[in-house]
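# Structure here, sequence nowhere to be found:
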């Protein structure tokens, strides 16, 4: 079996490459020019997702494509996000089909779903977020790319869409919440104590992405991947205990935040500029939902192998090991 992994030098891409190679799959890794090439792949394909000729070379002769590449920067223009996350996804699907690729897995995001009210239960058939234009460029582009991938499926493309929750693991410090600001010893949480965090440990997500090409019935389907829904207050207590960190969680008054967002949005409209924060963004952040994974469980046979507590232990152990290695290397250089 031969496979292409886009975004192979990224957080999810590296873990995916390692798993596939351990399973005996021959891997071609697509990495951006100038990025870290130390990916343990069989072949490195260097280039930009925005270049169709690069994508055409990358998909040649492979059985499966795992599309984990995306622009995830917090800065940049809409045109940059659209070109990398949306147009490139369409080009990749089209060129993979032309090349005879058996299946393409598009890694999407939970952010594509609309959450109409607090306590909503979300399935793969739930509607898209209708306020995409009011969100950040990354979320907006992921929504557009997901729409494009699902449209390709309806046209007969051999595509599977995987929508993971909040992704973390060794190499990426776990999030404290959806939106958290550090202020000295305080961690200001933009959520209620009862907010349900849809967490997704990287190994569990890799399991689902691999199953998406191994299970025949997965073709043309979309899957939500969330390990556990952990209450915000319970999660922060677990986080402190496992990490050994010492800080105090403060829950922001959501009514005040909503009022401030309305003021900012109104003022930005008067000035004719893009609002740095909108009411829709605040509501999308603070509304709690349960993202159901029954389809992945029933059709893929997927279950989260690693619990949240164990995932946190592994992640912080890896971080401490990296710090120890860096300190040792620094001491040696000084000596």
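Received it, and whenever you're ready, just let me know what you need. Since this is a predicted model, take the numbers as computed values, not measurements. Residues are numbered from 1 along each chain as shown.
# Which parts of the stretch 51-200 of the chain are helices?
Here the stretch 51-200 of the chain has its helices, by DSSP state H, counting those that start in this stretch, at 52-59, 78-81, 88-98, 137-154.
# Where does the prediction get shaky in the protein?
Within the chain, the segments meeting pLDDT under 70 span 34-37, 132, 327-331, 333-335.
# now the helices of the stretch 51-200 of the chain as CSV including distance to residue 120?
Bear in mind the C-beta positions are built from the backbone N, C-alpha and C, glycine included. Output for the helices of the stretch 51-200 of the chain, formatted as CSV (distance: least, CB to CB, whole Å):
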stretch, distance to residue 120
helix 52-59, 37
helix 78-81, 27
helix 88-98, 27
helix 137-154, 17
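# For the closest residue to residue 130 other than its chain neighbours, give me its contacts.
Spatial nearest neighbour of residue 130, chain neighbours left out: residue 114 (5.7 Å); criterion: CB to CB, 6 or more residues apart in numbering. For residue 114, the residues meeting the contact criterion (CB atoms under 8 Å, 6 or more residues apart in numbering) are 126-131.
# likewise residue 32?
When the contact criterion is CB under 8 Å, 6+ apart, the partners of residue 32 are 9, 46-49.
# Out of those, which end up buried?
Among the contacts of residue 32, those classed as buried by neighbour count (16 or more other CB atoms under 10 Å) are 9, 49.
# can the contacts of residue 32 go into a markdown table with extra columns for distance to residue 18?
Below are those laid out as a markdown table (distance: CB to CB, whole Å):
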| residue | distance to residue 18 |
| --- | --- |
| 9 | 12 |
| 46 | 20 |
| 47 | 22 |
| 48 | 24 |
| 49 | 21 |
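# what about residue 144, how many neighbours?
Using other CB atoms under 10 Å, residue 144 is surrounded by 20 other residues.
# my guess is it contacts residue 87, does it?
No. With contact taken as CB atoms under 8 Å, residue 144 and residue 87 are classed as non-touching, separated by 9.3 Å.
# sorry, back to before: so which of the contacts of residue 32 sit within strands?
With strands defined by DSSP state E, the entries of these inside them are residue 46.
# ok, the contacts of residue 32 vs residue 219, which is closest?
Compare each of the contacts of residue 32 with residue 219 using CB to CB and the shortest gap goes to residue 49, at 23.5 Å.
# ok, longest helix in the chain?
In the chain, assigned by DSSP state H, the helix with the most residues is helix 308-334.
# For the one helix or strand residue 237 maps to, buried residues please.
Here residue 237 sits within helix 232-243, counting by DSSP states H and E. Counting neighbours by 16+ other CB under 10 Å, one finds that the buried residues in helix 232-243 are 232-233, 235-236, 239-240, 242-243.
# Surely residue 311 touches residue 169?
Yes. Between residue 311 and residue 169 there is a contact under CB under 8 Å: 6.7 Å.
# Overlap in contacts, the two.
For the pair residue 311 and residue 169, residues contacting each of them under the criterion CB under 8 Å, 6+ apart are 201, 203.
# other SSEs contacting the longest helix of the chain?
Counting contacts by 3 or more CB pairs under 8 Å, 6 or more residues apart in numbering; DSSP states H and E, the secondary-structure elements packed against helix 308-334 are strand 196-201, helix 232-243.
# Which one, of these, ends up nearest to residue 163?
For these, distance to residue 163 was read as CB to CB. The smallest value, 9.5 Å, belongs to strand 196-201.
# name the helices or strands packed onto that closest one?
Packed against strand 196-201, as judged by 3+ CB pairs under 8 Å, 6+ apart, are the following elements: strand 166-168, strand 228-231, helix 232-243, strand 289-291, helix 308-334.
# How far off centre is the last one?
Same thing as helix 308-334. Its chain's C-alpha centre and that of helix 308-334 lie 24 Å apart, by CA atoms, centre = their mean, to the nearest Å.
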